[in-house]
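**Q** sequence plus predicted model, see below.
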Amino acid sequence: MPTLGIPIIVLLSLGAAVLAMVGFAAVRKFSKPIDLVEHQTFLDAMCNIVGTLVSILLGLLVASALDTYQSLERTIDVEADAVAQVFRFSRGLPDPLQGEMQTLCEQYCDEIIRVEWPSLAKGVPSRKTFITFTEITDDVVRFKPADNGQTNLQASLLQAIQQIGDCRRTRVLALSNRRNEILMPLLAICAITVMLFTYLYVKHVSTLQAVLIACVAVVLGGNISLVYLLSKPFEGDWRLQPRGFELTLRTLREVYGNHLYEPPPGTVLNPQTLMLMRDPNAKREPSK
């Protein structure tokens, strides 16, 4: 989470620079100077090997973490769009099923924003939202089509619901993905090793040498922090937001609020939607 308005990745990067300076001072104080002339060739070879291996490892992990993060972001948008499809397709269902389905779609989006997302930040999915999704599924599965048109409509609804379920499963599984966290000790060891090599090349303390070592520490700390933050998609500064669900819910409420069409019989609307129907200019309650 942010501290004093400063992004945590900046704090971690600066913290890495501070630790590097502390380590540098300790090495200069307690270690014996080495003969760079005698060991220069060996040190250059080892530093190149270690630096290359660490850079490849960090590059692969950052690319993998970013790809997973972006894929999960797309999954959330797809899930929200699938809910909107269910709502649209449900207009072809007979009453009172039509009203019940549209009510559940609105309720699902509302619960995702108010209940599910805070719950995901704590590392657990919302049972209440899952029950709402189950009710949507049950309504479609138990529907008995009266003609070919309703049969095709049910097939489209089932396809959209399956998409919601697949996307929801992906979100839940992301909570238990601890791959990057397991690799954190290895990344820390690699970073410490690189910093030790930079200490070996310093024979006399100078401002330029200290600044360059701090820059190396900032780069290493920034990359490791990036991997850590991307591995927690529902926490921290870069946590994903339910923008797709907010757009779907806002669109539904604006449709009702501007009386573009009246809700079907049997529809039990959310209090916010009822407020908009009475007064389209009413202030909306911000999502949490």
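**A** On my side now, so go ahead.
**Q** how many neighbours does residue 56 have?
**A** The criterion is other Cβ atoms under 10 Å. On that basis, residue 56 has 10 neighbouring residues. All C-beta atoms are positioned from the backbone trio N, CA, C, and that covers glycine.
**Q** and residue 238, backbone torsions?
**A** Dihedral angles of residue 238 (phi, psi; degrees, to the nearest 10) stand at phi -100, psi 30.
**Q** contacting residues for the residue nearest to it when sequence neighbours are not counted?
**A** Sequence neighbours aside, residue 229 is the residue nearest to residue 238 in space, at 5.1 Å (criterion: Cβ to Cβ, 6 or more residues apart in numbering). Residues in contact with residue 229, defined by Cβ atoms under 8 Å, 6 or more residues apart in numbering, are 8-9, 236-238.
**Q** in which helix or strand would I find residue 68?
**A** Residue 68 is part of helix 36-89 when elements are defined by DSSP states H and E.
**Q** taking helix 36-89 as reference, get the angle to the helix or strand following that helix.
**A** Remark: after helix 36-89, the chain's next helix or strand is helix 97-111, criterion DSSP H and E. Using axes from the mean of the first three to the mean of the last three Cα atoms, to 10 degrees, the direction of helix 97-111 lies 150 degrees away from that of helix 36-89.
**Q** hey, C-alpha coordinates of helix 97-111 in CSV?
**A** Only the C-alpha atoms of helix 97-111 are listed here, as CSV (Å, rounded to 0.1, in the frame of the first residue of the first chain):
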residue,chain,number,x,y,z
LEU,A,97,-37.9,-14.8,-15.6
GLN,A,98,-36.8,-11.8,-17.6
GLY,A,99,-37.1,-9.5,-14.7
GLU,A,100,-35.4,-12.0,-12.3
MET,A,101,-32.4,-12.4,-14.6
GLN,A,102,-31.9,-8.7,-15.1
THR,A,103,-32.2,-8.2,-11.4
LEU,A,104,-29.5,-10.9,-10.8
CYS,A,105,-27.2,-9.3,-13.4
GLU,A,106,-27.4,-6.0,-11.7
GLN,A,107,-26.9,-7.6,-8.3
TYR,A,108,-23.9,-9.5,-9.5
CYS,A,109,-22.1,-6.4,-10.8
ASP,A,110,-23.0,-4.5,-7.7
GLU,A,111,-21.7,-7.3,-5.4
